[in-house]
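# fold the following for me, if possible:
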Amino acid sequence: MIETTISEAVEEFAAAPLQPAIPQPRTVQDLGIRKNLLQDLALKILHLEGEMTLLELAQHMRVSLSVMDEIFPALRREYCEVKGMVGNIHLVALTTMGRSRALELLANNQYVGPAPVTLADYTERVRAQSVRGAEVGPPDVALAFSHLVLSQPMLAQLGTAAVSGRAIFLYGSTGTGKTSIAEALPAIYSDSVWVPYAVEAHGQIIAVYDPAVHRPTGEAAPRDHDTRWVQCRRPRVIAGGELTMDMLDLTLDRLTHCYLAPLQMKANNGVLIIDDFGRQRISPEELLNRWMVPLDRGADYLAMGGGAKFEVPFDVLVVFATNLDPARLADEAFLRRIQNKIKVDPLTPSEFHEVFRACCQRHSLPYDDAVGEHLIELLRSEFQQPLRPCYPGDLINLVVSAARYEGTAPKLDRGTVTQACRNYFLRV
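Prediction:
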């Protein structure tokens, strides 16, 4: 069903509109973070980096130089010494006592990234850029799914679901393109959001920004912006059969001894796709019970190792994609909370021709309507298969592979298509 990759489709969009800059805090009080936490972070960074100017240290921690000037006097009394000047800025290094203290801190946790934002600031920012408040219209939907063959009623359903920001059930038989649709959903949103590198809660640092999930817009940050936040496109997080219950809770990294945000926290202000729902390593009941309250109230509750619990926003468009019967996966109470239920059916003959034509174009093969009709007839009669959108691409790949094996140019005709079908489908 996909005729360009998701990444290629996303790149067709214009640059995401800039979010208003977050002013850079000028004092420790403005940061809202304990001074001791900032000092400990500075010591760990100095231990790993060696001599640094206060400006370089401030840039590493993503705080203003005025904040660094505020915390440095206490560090200088016991743990740091001035090695010289670079312009009018101190060049500093750790003392013997400072190195000893830094090693103690690193044994406790090895986080040496940007200074965290407060949980209160994070919550306020997530609420302000809610996925439910995003502006979405028919042109956005048409562009996001332009690489797929979808009917207008289907596009309208998807657009309505995106505007609602409420959970979606994509269901239907296998091979109908549910995963492709789910993966393309985030491209509906053409705006950007601010994502923090880390959040502080109960004295612990939780790493949130994940390069594997968050895609920076690439736009230069405004001057005097709080660089503890990264401007990104709305997140897209995908979890399939590998999903386990512990991935939905805070994880204490064994190497760094730092907490890692769970999937739904990384996906805040974006889309979380549960692919092949019902085939995870946890039962559907466990997953649905875990998210019953968050889906209803827009808030999740996380727990740390010491037992401390705290609330975080659950501002996520959750997409459950499954080829199983939703009525057998969830009870009525949960299905009520999933207001968008979208069935993905096999293609009509005209839609199948359109997908087949696009797949031929991608492989630089001439398209022949007669070959397309022959394939449709084969699927319906000999192999008794519905017109699934995955078939054209899969079968053409087999035709191309057979030609490579024979050392000939790929040729799409009745014979090669028939042979590809006989290799592809089980025959009883």
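# next, count neighbours for residue 256.
Neighbour count for residue 256, taken as other Cβ atoms under 10 Å: 16. Backbone N, C-alpha and C define where each C-beta goes, glycine included.
# residues touching it, list them.
Applying Cβ atoms under 8 Å, 6 or more residues apart in numbering to residue 256 gives the contacts 109, 110, 111.
# so it, which of the three states?
Following DSSP: H, G, I helix; E, B strand; the rest coil, residue 256 is assigned to coil.
# now it: phi and psi?
phi -90, psi -10 (degrees, to the nearest 10).
# that one and residue 146, how far apart?
For residue 256, the distance to residue 146 equals 42 Å [Cβ to Cβ, to the nearest Å].
# ok, the contacts of residue 256 vs residue 232, which is closest?
Using Cβ to Cβ, residue 111 comes nearest to residue 232 of the contacts of residue 256, at 20.4 Å.
# which strands or helices does the longest helix seen in the chain pack on?
Longest helix of the chain, by residue count under DSSP state H: helix 390-406. Judged by 3 or more Cβ pairs under 8 Å, 6 or more residues apart in numbering; DSSP states H and E, the packing partners of helix 390-406 are helix 349-362, helix 369-377, helix 414-424.
# number of nearby residues for the closest residue to residue 314 other than its chain neighbours?
Nearest residue to residue 314 in three dimensions, chain neighbours excluded: residue 294, at 3.8 Å (Cβ to Cβ, 6 or more residues apart in numbering). Using other Cβ under 10 Å, residue 294 is surrounded by 20 other residues.
# and the closest residue to residue 368 other than its chain neighbours, how far from residue 419?
Counting by Cβ to Cβ, 6+ apart, residue 368 lies nearest to residue 412, which is 6.9 Å off, once chain neighbours are set aside. Separation of residue 412 from residue 419 (Cβ to Cβ): 11 Å.
# same question, residue 338
Remark: distance between residue 338 and residue 419 (Cβ to Cβ) = 43 Å.
# just checking, residue 281 touches residue 240?
No. With contacts counted by Cβ atoms under 8 Å, residue 281 stays clear of residue 240, the gap being 10.2 Å.
# what does the pLDDT read for the closest residue to residue 22 other than its chain neighbours?
Nearest residue to residue 22, sequence neighbours excluded (Cβ to Cβ, 6+ apart): residue 226, at 4.2 Å. Residue 226 carries a pLDDT value of 96.
# tally of neighbours for the residue nearest to residue 240 when sequence neighbours are not counted?
Take residue 240 and drop its neighbours on the chain: the residue closest to it by Cβ to Cβ, 6+ apart is residue 275, 4.4 Å away. Applying other Cβ under 10 Å, we find 20 residues neighbouring residue 275.
# which residues does residue 275 contact?
With contact set as Cβ under 8 Å, 6+ apart, residue 275 has these partners: 179, 182, 238, 239, 240, 321.
# repeat that for residue 241.
Residue 241 neighbours (Cβ under 8 Å, 6+ apart): 276, 279, 280, 281.
# in a strand, residue 84, correct?
Yes. Counting by three-state DSSP, residue 84 is located in a strand.
# residue 24 and residue 224 touch, don't they?
Yes. With contact defined as Cβ under 8 Å, residue 24 counts as touching residue 224 (5.1 Å).
# more neighbours, the two?
Neighbours per residue, other Cβ under 10 Å: of residue 24 and residue 224, the larger number sits with residue 24, 20 against 12.
# how confident was the prediction at the more buried one?
Looking at residue 24, the pLDDT reads 95.
# and it, what does it touch?
Residues near residue 24 by Cβ under 8 Å, 6+ apart: 64, 224, 225, 226, 227.
# neighbours of residue 331, how many?
Neighbours around residue 331, by other Cβ under 10 Å: 11.
# hmm, back to that, tell me if the residue nearest to residue 314 really is in a helix.
Yes. Per three-state DSSP, residue 294 lies within a helix segment.
# is it correct that it is in contact with residue 300?
Yes. With contact defined as Cβ under 8 Å, residue 294 counts as touching residue 300 (4.4 Å).
# how about the closest residue to residue 267 other than its chain neighbours, secondary structure?
Counting by Cβ to Cβ, 6+ apart, residue 267 lies nearest to residue 237, which is 4.1 Å off, once chain neighbours are set aside. Under three-state DSSP, the three-state class of residue 237 is strand.
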